[in-house]
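>>> Mind looking at a prediction? Sequence and model below.
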4 protein chains.
Amino acid sequence: MDNAPFETLFERDGLRVSRSPWGPEDNIGRLNLMTAESRQAVLSRADGSHVYDLAVDYFIGMPSWAAAGDPRYQMWMTHTPDGSVNDTVSGATAEVHEKYSYCGDSISMYTHTGTHIDMLNHLGHYGQFWNGRTAEKDLGSRQWLQGGAAECPPIVGRAVLLDVARLKGVDCLADGYCIEPDDLSQAARAQGTELRSGDIVLIRTGRMSRWPDFEGYIRATPGIGLAAAKYLCEEVGVMCLGTDAISIDVDPHQDAHTFVPVHGYLFATAGTPVIEVLNLEELAAAEIYEIAFIGMPLKLRGATGSPIRPIGLSLSTRP
Amino acid sequence: MDNAPFETLFERDGLRVSRSPWGPEDNIGRLNLMTAESRQAVLSRADGSHVYDLAVDYFIGMPSWAAAGDPRYQMWMTHTPDGSVNDTVSGATAEVHEKYSYCGDSISMYTHTGTHIDMLNHLGHYGQFWNGRTAEKDLGSRQWLQGGAAECPPIVGRAVLLDVARLKGVDCLADGYCIEPDDLSQAARAQGTELRSGDIVLIRTGRMSRWPDFEGYIRATPGIGLAAAKYLCEEVGVMCLGTDAISIDVDPHQDAHTFVPVHGYLFATAGTPVIEVLNLEELAAAEIYEIAFIGMPLKLRGATGSPIRPIGLSLSTRP
Amino acid sequence: MDNAPFETLFERDGLRVSRSPWGPEDNIGRLNLMTAESRQAVLSRADGSHVYDLAVDYFIGMPSWAAAGDPRYQMWMTHTPDGSVNDTVSGATAEVHEKYSYCGDSISMYTHTGTHIDMLNHLGHYGQFWNGRTAEKDLGSRQWLQGGAAECPPIVGRAVLLDVARLKGVDCLADGYCIEPDDLSQAARAQGTELRSGDIVLIRTGRMSRWPDFEGYIRATPGIGLAAAKYLCEEVGVMCLGTDAISIDVDPHQDAHTFVPVHGYLFATAGTPVIEVLNLEELAAAEIYEIAFIGMPLKLRGATGSPIRPIGLSLSTRP
Amino acid sequence: MDNAPFETLFERDGLRVSRSPWGPEDNIGRLNLMTAESRQAVLSRADGSHVYDLAVDYFIGMPSWAAAGDPRYQMWMTHTPDGSVNDTVSGATAEVHEKYSYCGDSISMYTHTGTHIDMLNHLGHYGQFWNGRTAEKDLGSRQWLQGGAAECPPIVGRAVLLDVARLKGVDCLADGYCIEPDDLSQAARAQGTELRSGDIVLIRTGRMSRWPDFEGYIRATPGIGLAAAKYLCEEVGVMCLGTDAISIDVDPHQDAHTFVPVHGYLFATAGTPVIEVLNLEELAAAEIYEIAFIGMPLKLRGATGSPIRPIGLSLSTRP
């Protein structure tokens, strides 16, 4: 597959929604670049001796996208050892629960909380989403009836870390720093990393150094601009993108008359899922720039996003 | 490591809580059996050409543990394409949201919903949990302050499927069928599968054939009894257990004066985490009984359980 | 005001949406019948010596409208006395929380749970709601931006209990019993109760005798049919309706090609809010058929319903 | 009843938990001061011609007690007109839902959100709560099994507004202003208001002028100190207290080694429920200082608090 832009399904004001080259049923876009061969190629080189954990913890008070009123992470007990003795909700007696101390808990969260994947139904243009999905015909009362995280396959592929913060010699890129194509190609060159079609590209802004400072992590995040997004999709030919920031979009965007336009391009035009709030610190410290990436979002039917806890495995030199 | 029982920290009425052989800080028990070598051994034989997805979808109305009042899976929209145009919650104007159609959603659930892992703080005896954790000193208002899913490492290991339903020649074991040690050893023998210390053992009861019938899936589930649990931990020396049923415990238990006693033994005495609601159907149909198992629970701080979407990879013949 | 039908704003297939006679801003319909005089008239006769509590308790497992996946009532602790000592979430030290034992809790529910009011934005026809509200222009991502419970005034008025169960000599009307106009007028006559324009009419089906049996209370509920709804609005001229059942609509409706059509008529055509899951048992036992009704829904912005805990006060004989 | 302190059940470090003079089953404390006569006395003077609404709206982003991680107010749709046509959750067909446009919504909140009542199980001392309730014997996994909002009777009584902000000639008392007994008695005198045993006393700090500025409303709130609390309970002999601030406790308290000590005194020692986040602006503007107060919390079983929407009615001159 070459990296040419996909066929246009809808266009207005220069905003383009694509028809998927993988057919009318497709909702996962470039994740279709993953094949038996691509998985096998990277797994055959994977070193299981150390696992890089690329996800953050979930805890009450953790930074999350909350300015628009989305629910913050919550957790609560539904069974406690002492409470279970006093109440009768399990059906067992107090005496039984003295012997069998019962504990259980529940959670709630915006699906884009913590390390998470954004699916292609997260943003569209003029009511049109990737491959022609629309709220009018595909949105139920509580969720999309098409696409979403439940259709996302387990993601297994070669991932490349582009450490832009390191390239710039900083712990964290400046607030609102807009990553340009040159930053990415220079980082690759400085690291000696080759970018290939079908790659997962993980961009390190250094924002994880602010974690878990709520406002410090969330506000005015460094991220990529539209030029870098196009470079990655249309020149490199990525399968998926990742970032250690809350958003792949630089904030604020240069053009105020937009709303996370890089998301819009990536999802509706380029069919590229994005993983955000990745913890890339251990990889960066070890100067590991090429990994086998393994990540499986929860199969939340219809969801625009899902928590994910991906891991990285270093790769032996190619035979 | 031999498979001898762990040292007793506390005992009463024949119920035993163990001291972890992995030290006073340990909260993950037998997952410590996982090593660089064990991971590498299994990954080096893994075949990436097909990925077996071992998890179920999350959807409103899905079967879950609800009889004790635990919250069922819920999902709802927090941003809709049309709603975002009408309200002003994102801070962008209606005109901007016409162009950038915004969608987002939120979820809530009991942490033991869908395919999930049970951590060792899920059940204890007389207020004592694995390795001496107690509610009195370690439980906050909303969660455990020690242990829980956030401490669970990515799980990478050899897993063995024991297809007990197949052994018995049924689609699904009978309601309340209690799996005994002989069932497990016979299944292994019939399949030609070797059980090894450090294995993840996945038990197929066939209950997934009832999914998603709420009551049919949840009630009177076949599961293992205490004898089988002891056999697996103390003779085989498993690292972790899995089942396709809602509970590893047979329900009802033979002794009514108990509450999920197999859970109690596995967590507090044997230090064995359990993965429930696994979808083992594809593996079983393909008669694949030995896999590389890869699964990463969400790092929910303190949580007694977590959703998990594990995968299986078939293994090439041992060199 | 006479009781003639309101002006038609929209009509299709015999389903009518009305223009409010109270002006283009109106979202509360017949609650506008309440005046300084009407409130004063009933309060001046109210006897405060006994308060009839017309609401049910909220508790986990309580019957609620759940077949369509709406969230059941949930409650959980966010601060416990012992947990507050162990965690540090309040900012106070463990020592301080030994002295100051802290407790707090949270709830979630469908807004139509327990004793609750249905507002006029709960049901419409062909996308049109009372007085011309539409999802297209008035619905945000998470709530109506017009109307809803926050606009509901405190309800103070004369209420009449029509004890249809008593009229029929039963504890509870039969499953699916459809209350007709004659049932209502006969009950009024049998009780010696006069129905007046501007009344709140509370209909007793006896369903509260099934409470808290989940299925027994919810399924196949007796309720009024369209003829009775029209009689109450267009002949009696009620201000508001109430029932002790989960729904004012008889279930199943005679015409299967409908969805709670009595709700549709009451809200979109007749502008009549409805209070459901009322506990009328104490009033009925005391044979009190005329009361001062006082009830204030929570001011949930945009909400289609709200919990409410109304009270009744018996009335002295009219001077 | 005189206003002498209640009998001590438990005392430590000068912190006192009382035995209820209303018997061992009592969980509502001073609300027992309400009698058929007291209700009748105030209702017989009530003027229904205007209703003063004392509650605030609930909306996403509203100020609430969130610093300790308690859930903020959330609301979401569970049925939308267009979504109901696309999904099948209600069981009705798309065609039926074109005709019958369905809307429903759900909420979640900390029980102390918006205008709410604090019940006596909200704060205790050394694990002891009003009248000897303890977590050890009375707390279930998710709620108190004794006391709480479900036991709160409808509150009908004489209420007195003490406008301390007006006394001081300010829109809002200064941040952290501690209201002393003299402020209260002077306000009463300046207004010409008599304080009586059994009254509901509503204290206006002016904080509602900051609403809905989240931090401006919540932080460093003016409130009463312990001296004022004792004056109100032990000299005036109030039945219940109210405030327009987020907390009846001045914040910060003078003694840092405490946690909302006025709450502790009011609940555990004095048996006095408190209503917070009252909207007293309309009453204050109208210079109405004596009202019939009518308020019914939701009957949330076990809850430490509940939303409430009270109203006030002006009183005719005593005959």
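Arrived safely. Treat the numbers as computed from the prediction; the structure is a model and nothing was measured. Residues are numbered from 1 along each chain as shown, chains lettered A, B, ... in the order given.
>>> Just give me the neighbour total for the spatially closest residue to residue A:60 that is not a sequence neighbour.
Excluding the flanking residues, the one nearest residue A:60 by Cβ to Cβ, 6 or more residues apart in numbering or on different chains is residue D:69, at 4.2 Å. Glycine gets a C-beta too; all of them are placed from N, C-alpha and C. Applying other Cβ atoms under 10 Å in any protein chain shown, we find 21 other residues in the vicinity of residue D:69.
>>> Chain C contacts on the stretch 51-200 of chain A?
For the stretch 51-200 of chain A, the residues in contact with chain C (Cβ under 8 Å from any Cβ of the partner chain) are A:60, A:69, A:76-78, A:80, A:82, A:89, A:106, A:142.
>>> Pipe those into CSV and attach secondary structure and pLDDT per row.
Output for these, formatted as CSV (DSSP: H, G, I helix; E, B strand; the rest coil; pLDDT from 0 to 100):
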residue, secondary structure, pLDDT
A:60, coil, 97
A:69, coil, 94
A:76, strand, 98
A:77, strand, 98
A:78, strand, 98
A:80, coil, 98
A:82, helix, 97
A:89, coil, 89
A:106, strand, 98
A:142, coil, 97
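>>> Closest one of these to residue B:110?
residue A:106 (4.9 Å; Cβ to Cβ).
>>> how about that closest one, what does it touch?
A:75-78, B:70-71, B:108-111, C:76 (Cβ atoms under 8 Å, 6 or more residues apart in numbering or on different chains).
>>> Buried among those? Need that as a selection in ChimeraX.
Burial among the contacts of residue A:106 is assessed by 16 or more other Cβ atoms under 10 Å in any protein chain shown; the matching ChimeraX selection reads:
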select /A:75,76,77,78 /B:70,71,108,109,110,111 /C:76
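>>> so where's chain A shaky on pLDDT?
A:1, A:318-319 (pLDDT under 70).
>>> packing partners for the helix or strand containing residue A:160?
Using DSSP states H and E, residue A:160 sits within strand A:155-163. Contacts defined by 3 or more Cβ pairs under 8 Å, 6 or more residues apart in numbering or on different chains; DSSP states H and E place strand A:155-163 against helix A:36-43, helix A:181-191, strand A:200-204, strand A:240-243, helix A:281-285, strand A:290-295.
>>> That one - which strands sit beside it in the sheet, and in what orientation?
Taking DSSP bridges as the criterion, strand A:155-163 sits next to strand A:200-204 (parallel), strand A:290-295 (antiparallel) in its sheet.
>>> gap between that strand and the chain center?
The chain centroid and the centroid of strand A:155-163 are separated by 12 Å under Cα atoms, centre = their mean, to the nearest Å.
>>> Also stretch A:114-127?
10 Å.
>>> That stretch near chain B at all?
Yes. Applying Cβ under 8 Å from any Cβ, one finds stretch A:114-127 touching chain B at A:114, A:121-127.
>>> Quick one: the helices in the stretch 51-200 of chain A, in order.
Remark: helices assigned in the stretch 51-200 of chain A by DSSP state H, counting those that start in this stretch are A:81-86, A:94-99, A:135-138, A:164-167, A:181-191.
>>> Please work out which of these is packed deepest.
helix A:81-86 (a mean of 24; mean count of other Cβ atoms under 10 Å in any protein chain shown).
>>> Could you find the closest non-adjacent residue to the spatially most central residue of chain A?
In chain A, the centroid-proximal residue (Cα atoms, centre = their mean) is residue A:275; its distance is 1.2 Å. The shortest distance from residue A:275 to any non-neighbouring residue, by Cβ to Cβ, 6+ apart, is to residue A:242 (4.1 Å).
>>> and if you look at residue A:192?
Closest to residue A:192 by Cβ to Cβ, 6+ apart is residue A:289, at 7.7 Å.
>>> For the stretch 101-250 of chain A, which residues are neighbours of chain D?
Checking the stretch 101-250 of chain A against chain D by Cβ under 8 Å from any Cβ, the hits are A:108, A:135-142, A:145.
>>> got TSV for those, with distance to chain B too?
Output for these, formatted as TSV (distance: Cβ to the nearest Cβ, whole Å):
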residue	distance to chain B
A:108	3
A:135	4
A:136	9
A:137	12
A:138	10
A:139	7
A:140	9
A:141	8
A:142	5
A:145	11
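>>> Out of these, which is nearest to residue D:100?
Of those, the one sitting nearest to residue D:100 (Cβ to Cβ) turns out to be residue A:141, at 13.6 Å.
>>> How many residues are close by the closest one?
That count, for residue A:141 with other Cβ under 10 Å as the rule, works out to 28.
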